[in-house]
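[1] Below: sequence and its predicted model.
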Amino acid sequence: MALMNNTLARFSSISLAAAAVLGGTLGMVSAAQAKSLVCVWDVAGKTGDVFAAATDYAVAMQKNGADIELKSYVDERVAIEDFRAGQCDGVIATAFRTRQFNMVAGSLDSIGSTTVIKNGKVDMDASYEVVRKVIQVFADPKAGKLMTEGNYEIGGIFPLGAAYPIVRDRKINSVEALSGKKIAAFDYDKAQGVMIQRIGAQPVSVDITNIGPKFNNGFVDMVSLPAVAFKPFELYKGIGKTGGIGRFPIMIPTVQVVLNKSKFPDGFGEKSRNYWLSQFDRAMNIVQTAEKGIPAAMWDELPAEHIPKYVLMFRESRIEIARQGLYNKQGLNIIKRARCSINPTDAECATKIEIE
């Protein structure tokens, strides 16, 4: 009997040890499953500003219950496709690409919607404040439903800076002068093509991988890009001695974070949006550094008499694009309210809403 008791005791000890090992193994598997993969597009790959911001984001979000691993992409299309295929739990890419997951947030990158005109001139500081204010609205807990479409949730917005008209010939400085010209349009952003056709110009399909070469080699007369693209795309080659950069923003593009919310803890999306809101000034420092890095001689002030025509063209284009379902009407109205709160004298503020 004693022998049997000793045998049972040893068996129990072995069983408990095995259970402990098995439990620890399952714990490690569970921890591994808790890791979330976020695909990050940056034209400069792991050395770029967007990836650097994403790296700090991953560290900061650890205290919010998310163990984030980053995967770098230089081809934005592939990053989005991997996210859609479920190979990534989140993606960071331009709003041109992420608009398909949330039209309200994607409307922030609409043509001319954030541009503030004061005393007949563009006020860039006020224009960026419009962007900041909209991001604040989207980060508010009350906007949670707006930031969610199905299983997708916007987890943050990071401005890339104003996209300026960059031309190979400075004579292209009015709406009339754009007629017949070849203008680059991202093939995945139909809104750009609509605006270009409205002014009688010819949209030329481009993507982020070839927009620089097409401009530099003369296949297009104009591109619209932020200053952060100037050096990576070597746009100085296309500008040469005859071209220039007009100080009139066509839009203020952003990078947006899209999450598969089922892969993150409850309430994570709101915390994520507030984190990226806290990074707004960091984004502006990047933008300002990039703009200061462009030779002063390449900048070109738009004649004051041409500004009202551009403002009208942008508004008419937004309305037409919204009617075609390419911009979200609610998103445009939120942006307009933000713009009017900063610049009540805006002529458009006399109307009740941007789009009906």
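    Okay, I see it. Numbering: from 1, shown residues only.
[2] tell me the phi and psi of residue 152?
    As for residue 152, its main-chain torsions (degrees, to the nearest 10) stand at phi -100, psi 140.
[3] Pull the number of nearby residues for it.
    22 (other CB atoms under 10 Å). For the C-beta atoms, the positions are set from N, CA and C on the backbone; glycine is no exception.
[4] Ignoring the adjacent residues along the chain, who's closest to it?
    Setting aside the residues directly before and after it, residue 152 is nearest to residue 101 in space (CB to CB, 6 or more residues apart in numbering), at 4.2 Å.
[5] Just to be sure, the one you found is in a helix?
    No - using DSSP: H, G, I helix; E, B strand; the rest coil, the assignment for residue 101 is coil, not a helix.
[6] which regions of the chain lie under the pLDDT threshold?
    Within the chain, the segments meeting pLDDT under 70 span 1-34, 352-356.
[7] what about the strands in it?
    35-41, 67-73, 90-94, 117-118, 121-122, 148-149, 152-159, 163-167, 182-186, 202-206, 222-226, 244-246, 254-260, 299-300 (DSSP state E).
[8] Which other helices and strands does the first one contact?
    For strand 35-41, the packing partners by 3 or more CB pairs under 8 Å, 6 or more residues apart in numbering; DSSP states H and E come out as helix 49-60, strand 67-73, helix 76-84, strand 90-94.
[9] Buried deepest among the ones you listed, which one?
    strand 90-94 (a mean of 27; mean count of other CB atoms under 10 Å).
[10] returning to that earlier point: how about the contacts made by the residue nearest to residue 152?
    By CB atoms under 8 Å, 6 or more residues apart in numbering, the contact set of residue 101 is 149, 152, 154, 258.
[11] ranking those by neighbours, who comes first?
    residue 258 (30 neighbours).
[12] dump the residue contacts of it.
    With the criterion set at CB under 8 Å, 6+ apart, residue 258 makes contact with 83, 90, 91, 92, 93, 98, 101, 102, 152, 153, 154, 155.
[13] Spatially, which two of the residues you listed are the most separated?
    Checking the contacts of residue 258 against each other with CB to CB, the farthest-apart pair comes out as 93 and 153, at 14.9 Å.
[14] Dump the strands of the chain to JSON lines, plus distance to residue 135.
    Putting the strands of the chain into JSON lines (distance: least, CB to CB, whole Å) gives the following:
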{"stretch": "strand 35-41", "distance to residue 135": "19"}
{"stretch": "strand 67-73", "distance to residue 135": "21"}
{"stretch": "strand 90-94", "distance to residue 135": "15"}
{"stretch": "strand 117-118", "distance to residue 135": "21"}
{"stretch": "strand 121-122", "distance to residue 135": "20"}
{"stretch": "strand 148-149", "distance to residue 135": "16"}
{"stretch": "strand 152-159", "distance to residue 135": "5"}
{"stretch": "strand 163-167", "distance to residue 135": "17"}
{"stretch": "strand 182-186", "distance to residue 135": "22"}
{"stretch": "strand 202-206", "distance to residue 135": "27"}
{"stretch": "strand 222-226", "distance to residue 135": "17"}
{"stretch": "strand 244-246", "distance to residue 135": "26"}
{"stretch": "strand 254-260", "distance to residue 135": "8"}
{"stretch": "strand 299-300", "distance to residue 135": "27"}
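[15] do you know which of these lies nearest residue 330?
    Ranking the strands of the chain by proximity to residue 330 (CB to CB) places strand 148-149 first, at 12.2 Å.
[16] mind listing what the closest one pairs with, with the direction of each?
    When pairs are called by DSSP bridges, strand 148-149 turns out to pair with strand 152-159 (antiparallel).
[17] Taking helix 76-84 as reference, get the angle to the strand it pairs with.
    150 degrees (axes from the mean of the first three to the mean of the last three CA atoms, to 10 degrees).
[18] roughly how far is strand 152-159 from the heart of the chain?
    8 Å (CA atoms, centre = their mean, to the nearest Å).
[19] what's next to it, contact-wise?
    With contact meaning CB under 8 Å, 6+ apart, strand 152-159 is reached by 50, 53, 57, 90, 92, 95, 98, 101-102, 105, 108, 128, 131, 135, 138, 147-148, 252-261, 268-269, 272-273, 275-277, 279-280, 283-284, 287.
[20] Ok, stretch 163-178 next?
    The set of residues that contact stretch 163-178 without belonging to it, under CB under 8 Å, 6+ apart, is 181, 199-201, 215, 218, 221-227, 235, 238-240, 242-253, 300, 302-303, 306, 309-310, 313.
[21] likewise stretch 298-310?
    In this structure, residues lying in contact with stretch 298-310 by CB under 8 Å, 6+ apart are 112, 117, 120-122, 170, 173-175, 236, 239, 243-248.
[22] Pull out the buried residues from the residues you listed.
    112, 117, 122, 170, 173, 239, 243, 244, 245, 246, 247, 248 (16 or more other CB atoms under 10 Å).
[23] I'm done for today, thanks for sticking with me.
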